[in-house]
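Participant: Below are the sequence and a predicted model; questions follow.
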Amino acid sequence: MSRYWSDHVAGLAPYVAGEQPKVTKLLKLNTNEHPYGPSPLALRAIQAAATDQLRLYPDNQSTALRVAIASLHGLQPDQVFVGNGSDEVLAHVFNGLFRRAGRPLLMPDITYSFYKTYCKLFDVPAQLLPLADDYTLTVSDYTQERQTPVAGVIFANPNAPTGIAMSLEAIAQIASAHPDAPVVVDEAYVDFGADSATALLGRHDNIVVIHTLSKSRALAGLRVGYAMASKDIVAGLNRVKDSFNSYPLDALAQAGAMAAINDTAYFDQMRSAVIQAREALTQQLATLGFEVLPSRANFVFARHPDHEGATLQQALRAEGVLVRHFNIERVHQFLRITVGTPEQCERLCNTLAKILTNQH
Ligand code: PMP
């Protein structure tokens with residue numbers, strides 16, 4: 001980088017997302033997208049919003065959408081903050097709540113890698129707490145008394161890339177241990193079988209719950225995410241956002257997101273389909289000799305005792321199947337595999353079976 005950039009920027013490690021291939025023949029099980037399309041009502045709402053009204057600026061408060069989200073979760077609309085995907089919501093959270101705190105942010109050593117990226121970008125010291133041997137969070141690591149206060153806590157529940165979920169009781173314990181610091185629970189995958197910490201918001205005004213429409217609502221391309229918290233925290237996040245003059249959501253995204261949120265019948269049906277496919281995939285992988293961590297997400301994290309994760313990933317890639325591998329020491333043997341349709345899971349397992357036979 002040129003001399004114009006400080007070491008701070010030159011040293012940033014940008015988030016590396018999974019491959020987004022141009023070739024559609026590839027079976028894409030690498031970035032946890034939904035295997036089925038979004039609600040037809042959402043598509044219709046987007047089409048209906050694509051009129052000459054697009055010459056007008058959108059509602060910069062996303063009022064109708066926030067009302068729909070609040071009603072879904074039994075909250076008040078001013079407890080909801082929306083953004084262009086949960087990654088942008090997280091950016092506002094880091095910028096507003098953690099930046100300049102000058103104190104460490106507690107997080108698991110293995111979790112969504114964007115948290116570390118944002119720590120670098122927003123100059124927040126990360127304090128990484130190792131997952132236990134079974135890849136669960138050790139709650140006492142987060143609740144023990146510390147000599148120096150913390151900026152806050154962040155973790156994903158279910159965690160990524162393990163898929164393991166923690167109980168609401170454990171989350172409440174962590175929140176109680178840090179009454180003066182925000183505890184951010186990233187629930188990108190919660191709809192696939194974990195309990196949502198939104199149930200704790202009434203009792204813990206330091207909890208911030210983050211959701212996305214990219215996974216269980218099959219709208220990754222629309223870019224909609226939101227945070228739910230106390231009115232005070234949401235008001236602060238709005239101040240941060242408005243200081244950047246960043247628009248929350250465009251008019252099409254607002255219309256589509258609202259229709260998707262309201263289409264509970266389609267949501268329930270699709271969610272059950274993915275959960276069923278996940279359980280079947282877990283069984284099939286176990287039959288092939290994989291150890292599969294107990295997932296509450298729309299992906300599984302699995303390792304084969306006799307094969308390197310990177311080797312398997314490359315062999316699958318050569319056969320047109322994309323899965324994710326993380327170059328992290330403790331989990332280098334694992335593959336993270338997005339749950340597809342039953343047919344896609346079958347293709348994955350047949351390909352894996354062939355690879356395992358050939359490599360012996
Ligand atoms: N949190 C977690 C744990 C994720 O895995 C992802 C998706 N990569 C996100 C947040 C961001 O999702 P989006 O920006 O599409 O809402």
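Facilitator: Sure, I can see it. Here the structure is a predicted model, which is why all the values come from computation and not from measurement.

Participant: domain parsing for the protein?
Facilitator: Per automatic domain parsing, the domain ranges recorded for the chain read 7-37+265-358, 40-263.

Participant: Just the endpoints, please. Distance across the last one?
Facilitator: Looking back up the chat, that one is domain 40-263. End-to-end distance for domain 40-263: 9 Å, by Cα to Cα, to the nearest Å.

Participant: Tell me where the model's unsure across the chain.
Facilitator: Scanning the chain for pLDDT under 70 picks out 14-16, 20-24, 360.

Participant: Dead centre of this structure: give me the residue that sits there.
Facilitator: Centroid-nearest residue in the chain: residue 188, 3.5 Å away (criterion: Cα atoms, centre = their mean).

Participant: For that residue, list the residues it contacts.
Facilitator: By Cβ atoms under 8 Å, 6 or more residues apart in numbering, the residues touching residue 188 are 86, 112, 156, 160, 210-212, 214-215. Every C-beta, even on glycine, is put in place using the N, C-alpha and C of the backbone.

Participant: before we move on, what about residue 219?
Facilitator: Contacts of residue 219 (Cβ under 8 Å, 6+ apart): 38, 42, 213, 256-257, 260.

Participant: Give me the buried subset of these.
Facilitator: 38, 42, 213, 256-257, 260 (16 or more other Cβ atoms under 10 Å).

Participant: hmm, back to that, I'd like the contacts of residue 188 as TSV, with secondary structure and distance to residue 131 appended.
Facilitator: Compiled in TSV, these are given as follows (DSSP: H, G, I helix; E, B strand; the rest coil; distance: Cβ to Cβ, whole Å):
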residue	secondary structure	distance to residue 131
86	helix	22
112	coil	13
156	strand	12
160	coil	12
210	strand	20
211	strand	23
212	strand	23
214	coil	24
215	coil	22
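
Participant: Using ChimeraX, make a named selection holding only the buried ones among those residues.
Facilitator: In ChimeraX, this line selects whichever of the contacts of residue 188 come out buried by 16+ other Cβ under 10 Å:
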select :86,112,156,160,210,211,212,214,215
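
Participant: Also within reach of the ligand: list those from the contacts of residue 188.
Facilitator: Restricting the contacts of residue 188 to those near the ligand by Cβ under 6 Å from any ligand atom leaves 86, 112, 156, 160, 212, 214.

Participant: coming back round to it: which of the buried ones among the contacts of residue 219 lies closest to residue 104?
Facilitator: Set against residue 104, the nearest of the buried ones among the contacts of residue 219 by Cβ to Cβ is residue 213 (31.3 Å).

Participant: Do I have it right that the closest one meets residue 260?
Facilitator: Yes - the criterion here is Cβ atoms under 8 Å, and residue 213 meets it with residue 260 at 6.1 Å.
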